[in-house]
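Engineer: structure of the sequence below:
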Amino acid sequence: MVVEPDVPPGGQEPGKRGRLKVFLGAAPGVGKTYRMLDEARRRAERGTDVVVAFAECHKRRHTLGKLDGLEVVPRVQRAYRGGQFVEMDLDAVLARRPAVALVDELAHSNVPGGRHAKRWQDIEELLAAGIDVVTAVNIQHLESLNDVIEKITKVPQQETVPDEVVRRAHQIELVDMPAEALRRRMAHGNIYAPEKVDAALANYFRVGNLTALRELALRWVADQVDEALQKYRSDHGIGGVWETRERVVVALTGGPEGETIIRRAARIADRTAGGDLLAVHIARSDGLAAGASSAALARQRALAESLGGSYHSVVGDDIPTALLEFARAENATQLVLGTSSRGRLERFVTGRGIGETVVALSGDIDVHMVTHERAGSGRLLPSRRRTLSTPRLVAGPVSGLVLPVALTLVLDHLRGSLNVTSEALLFLLVVVGVACVGGVVSAVVASVTASLLLNYWFIPPIGAFTTTFDSVLATVVFAVVAGIVAAVVDRSLRLSRRSARATAEAETLSSLAGSIVRGDRAVPALLERTRETFGMESAELTEAPVPDDGAVVQVPVGERAHLVLRGRPLPSSERKVLTAFAAHVAVAVERARLAEAAAEVEPVKAADRMRTALLAAVSHDLRTPLAAGWAAITSLRSRDVDFSDEDRDELLATADESMARLGRLIDNLLDMSRLQAGALTLRLRATALSEVLPTALESLPPEAPRVDVQCPPGIPPLLADPPLLERVVANLLSNAARHTPPGETVLLTASTLAERVEVRVIDRGPGLPAEDRERAFVPFQRLGDTDNTTGVGLGLALSRGLAEAMAGTLTPEDTPGGGLTMVLSLPAADLPERVET
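Structural biologist: This next block holds a predicted model:
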């Protein structure tokens, strides 16, 4: 591993951007922070000005020991929703201006009040100021892997960092450890407190989870190393193959043999772990592209992608050269082609085919020729750049000299059995055949040769040239007929070439449009597709034209950008396709801009929808308790009726119940409005479940089913706002009670998972279909309720909003045996360590 050179005290040169080093952890607890601090001590011992801007040691004594002797910048405290939080003091670090700053937890979300929402944005500012930064992050926090890792571990990651931030690092160092070794470290108490070890080993730190995380980390880092290697090879002009990874390129023609070849190439790639499969179709300007089936290519693309490969389309007139250039650009180690479908006669006439040419020019790339059922059964195909291939251009004039002589020898043996007319027609047939093979020049050579031989050997006087009118006419007829036939053949081949070129361009643009429709990463994907399609070294968007050094091709993209390709000059025919690519890029850029604008407008639309739904929903629900309470109070105030004590108590109870219902409704509406506006004040503190459960249980009506509470001892307090937590639990219990059949009980359980506490409210009701579960959390929904007068449908929506405001989650699950389980997950208040480091 290359170690970046240290910077002398005093920081970087003025105006020079700092460099970033990232310690990437395969899993929590592998020792990223320890390695980061060890790196700081090593640099400090060598005289580098190093400060610790922020390091999260999680009270681990070995890690804390590494802080000894290092300068630590004091942290800043920020108040947020009634709590006090410590963050990195960005201004203090900038004022201190060290050469190197240590900033832990790259994916951390800052408490509101600072300049940036995320810590990686703080780091960007430090780098822009010329300060080198050493940081650490776990693989599960990378944005591209977030959903994959959640599926594996069943633990959502709330804090993520864009992959591009890590990719731009000057150096990435993987901190790895075998799964069993990490579990031993956990069992020895080096990661979590002893009372949390069993739960962690049984959940997040299972061997399968850790092994999967380790593989993802290794593959991600390997991909970055491979990108760096490709850049190095490109910068230094290295064209040879470096067999650092098995890469198998399979060439597709669009013929029916493609699926057989793809499967064979996939088996070759699978022989080594981490092998890459790349399927490529060369869209060329001759009949081979015209003979390709778009439907077959679409099926073959789907097959290649289903086998873990990728599909590429490249424009190239010279098929072997374009194929080998693509293979070398991708650092391919093996190339798989189907054997030629040409017959023996065709191979004899046209000479060496694509496969043989690729083998001859492949150099250090291994070439596999795969047989298939159509091998040797093809038809004659036109060739490449010219209307006629080089073998035909050579064979034409030669045959124009040889074939008339051979016919003369044959006819001489048959002298007397044919008349002059028949002999002349046979010579004319030879001339037409030569014209079809060799074109105009060959036809002229054959007509002159044939007319002279016919004149000398078969027109009296035999054995001497005659200059009669008939002999001159025969020569002229030969030349005219041969020229007409040759011109027709040449024009037909040119039209075929143009048609095939148009087909190739259409196939390439169709593939590009398909990528846009599928949403393949928009502008970056289009730039990469453009680069590989035209075989260029790089493709980028610039705001202004760049100087043309002969190897730069640029076209405008819209009104404010230019598409710039570097590598080789492009002929005019390929520039037309490039212009179409630029139009697609312009559409993608505009689409991205519109998507960004739409995203900015969406909160306003959502607020409008909320207000509309609110007005529609509360019109009845506010009127009902108001009407009932008003009627009860009006009756009590009436002097015309003498109520008994029992009737008076009943009216008072009705008024009290109506006002209570109205109060709960207004509280829910106000809290939902505060959540939508981000103005809800939280007072987070350690809150035990026993503190909120009695009040939540008392809120249930007398007719509600029994609630069975099963909370094992040792459940830590939750970091929550007690009144809001009580509201959430009460809403969940009320929802479960409403759907629980008579005779059944509602079950409430609690357990710990890593640094969180999970509260499950379980009912035995009808449950919810998977497609309706998210709709249940939309305000003013009453999914499954038969009585629409029971509320405005804010309970679950408000509960999820309150849970997320307290850094928690609320998710529905199926109850085994039938029913719905609502899982409330909140941070534990007394855990000294965090799972996400």
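
Engineer: might one say that residue 592 is in contact with residue 523?
Structural biologist: Yes. Taking Cβ atoms under 8 Å as the definition, residue 592 is a contact partner of residue 523 at 6.1 Å. (Each C-beta comes from the backbone N, C-alpha and C, glycine too.)

Engineer: tell me the secondary structure of the closest residue to residue 159 other than its chain neighbours, please.
Structural biologist: Of all residues not flanking residue 159 in the chain, residue 107 sits nearest, at 4.5 Å (Cβ to Cβ, 6 or more residues apart in numbering). The three-state assignment at residue 107 reads coil, by DSSP: H, G, I helix; E, B strand; the rest coil.

Engineer: I'd assumed residue 32 was in contact with residue 176.
Structural biologist: No. Between residue 176 and residue 32 there is no contact under Cβ under 8 Å: 10.4 Å.

Engineer: which of the two has more neighbours?
Structural biologist: Under the neighbour definition other Cβ atoms under 10 Å, residue 176 and residue 32 were set side by side, and residue 32 has more, 28 against 19.

Engineer: what strand or helix carries residue 299?
Structural biologist: helix 294-306 (DSSP states H and E).

Engineer: can you give me the helices for the stretch 551-700 of the chain?
Structural biologist: Along the stretch 551-700 of the chain, counting by DSSP state H, counting those that start in this stretch, helices occupy 572-637, 645-677, 689-698.

Engineer: distance check, the closest residue to residue 628 other than its chain neighbours against residue 629.
Structural biologist: Excluding its sequence neighbours, the residue lying closest to residue 628 (Cβ to Cβ, 6+ apart) is residue 658, at 4.3 Å. Here residue 658 is placed at a distance of 4 Å from residue 629 (Cβ to Cβ, to the nearest Å).

Engineer: which residues are in contact with both of the two?
Structural biologist: Shared contacts of residue 658 and residue 629 (Cβ atoms under 8 Å, 6 or more residues apart in numbering): none.

Engineer: now residue 403: closest residue in space, sequence neighbours ignored.
Structural biologist: That would be residue 430: by Cβ to Cβ, 6+ apart, it lies 5.0 Å from residue 403.

Engineer: surely that neighbour meets residue 450?
Structural biologist: Yes. Using Cβ under 8 Å, residue 430 makes contact with residue 450 at a distance of 6.2 Å.

Engineer: more neighbours: which of the two?
Structural biologist: residue 450 (29 against 23).

Engineer: tell me the contacts of the more buried one?
Structural biologist: Counted by Cβ under 8 Å, 6+ apart, residue 450 has contacts 404, 407, 427, 428, 430, 431, 478.

Engineer: tell me the two of these that are most distant?
Structural biologist: Farthest pair in the contacts of residue 450 (Cβ to Cβ) is 407 and 478. Separation: 12.9 Å.

Engineer: who's more crowded, the two?
Structural biologist: Between residue 407 and residue 478, counted using other Cβ under 10 Å, residue 478 has the larger neighbour count: 27 against 18.

Engineer: give me the pLDDT value at the more buried one.
Structural biologist: At residue 478, the predicted lDDT confidence score is 65.

Engineer: now residue 418
Structural biologist: Residue 418 is given a pLDDT of 84.

Engineer: counting neighbours, what do you get for it?
Structural biologist: 14.

Engineer: now do residue 267
Structural biologist: 13.

Engineer: what's the host helix or strand of it packed up against?
Structural biologist: Using DSSP H and E, the element containing residue 267 is helix 258-270. Judged by 3 or more Cβ pairs under 8 Å, 6 or more residues apart in numbering; DSSP states H and E, the packing partners of helix 258-270 are strand 247-252, strand 276-283, helix 294-306, strand 334-338, strand 366-370.

Engineer: just want the angle from it to strand 247-252.
Structural biologist: 180 degrees (axes from the mean of the first three to the mean of the last three Cα atoms, to 10 degrees).

Engineer: pull up the overlap in contacts between residue 407 and residue 478.
Structural biologist: 427, 450.

Engineer: flag the shaky bits of the stretch 451-600 of the chain, pLDDT-wise.
Structural biologist: 470-471, 474-475, 478-479, 482-483, 486, 489-490, 493-494, 497-498, 500-522, 573 (pLDDT under 70).

Engineer: any regions of the stretch 601-750 of the chain where pLDDT drops low?
Structural biologist: Looking at the stretch 601-750 of the chain by pLDDT under 70, you get 602-625, 661, 664-665, 667-681.

Engineer: quick one: distance of stretch 313-326 to the chain centre.
Structural biologist: Distance of stretch 313-326 from the chain centroid (Cα atoms, centre = their mean, to the nearest Å) equals 26 Å.

Engineer: now it: average pLDDT?
Structural biologist: 83.

Engineer: same check, this time on stretch 250-270
Structural biologist: Per-residue scores along stretch 250-270 average to 85.

Engineer: report the buried residues of it.
Structural biologist: Within stretch 250-270, the residues that count as buried by 16 or more other Cβ atoms under 10 Å are 250-255, 257-259, 261-262, 264-266, 268-269.

Engineer: report the backbone C-alpha coordinates of it in CSV.
Structural biologist: Taking Å, rounded to 0.1, in the frame of the first residue of the first chain, the C-alpha atoms of stretch 250-270 are listed here in CSV:
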residue,chain,number,x,y,z
VAL,A,250,-17.6,-11.5,-25.3
ALA,A,251,-18.2,-10.1,-28.8
LEU,A,252,-21.8,-10.1,-30.0
THR,A,253,-23.0,-9.9,-33.6
GLY,A,254,-26.7,-9.9,-32.9
GLY,A,255,-27.0,-13.4,-34.4
PRO,A,256,-28.7,-16.4,-32.8
GLU,A,257,-25.4,-17.8,-31.6
GLY,A,258,-25.0,-14.9,-29.1
GLU,A,259,-26.7,-16.6,-26.1
THR,A,260,-24.4,-19.7,-26.5
ILE,A,261,-21.3,-17.5,-26.6
ILE,A,262,-22.4,-15.4,-23.6
ARG,A,263,-23.0,-18.5,-21.4
ARG,A,264,-19.6,-19.9,-22.4
ALA,A,265,-17.9,-16.6,-21.5
ALA,A,266,-19.8,-16.4,-18.2
ARG,A,267,-18.4,-19.9,-17.3
ILE,A,268,-14.9,-18.7,-18.1
ALA,A,269,-15.4,-15.6,-15.9
ASP,A,270,-16.8,-17.6,-13.0
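
Engineer: right, I'll leave it there.
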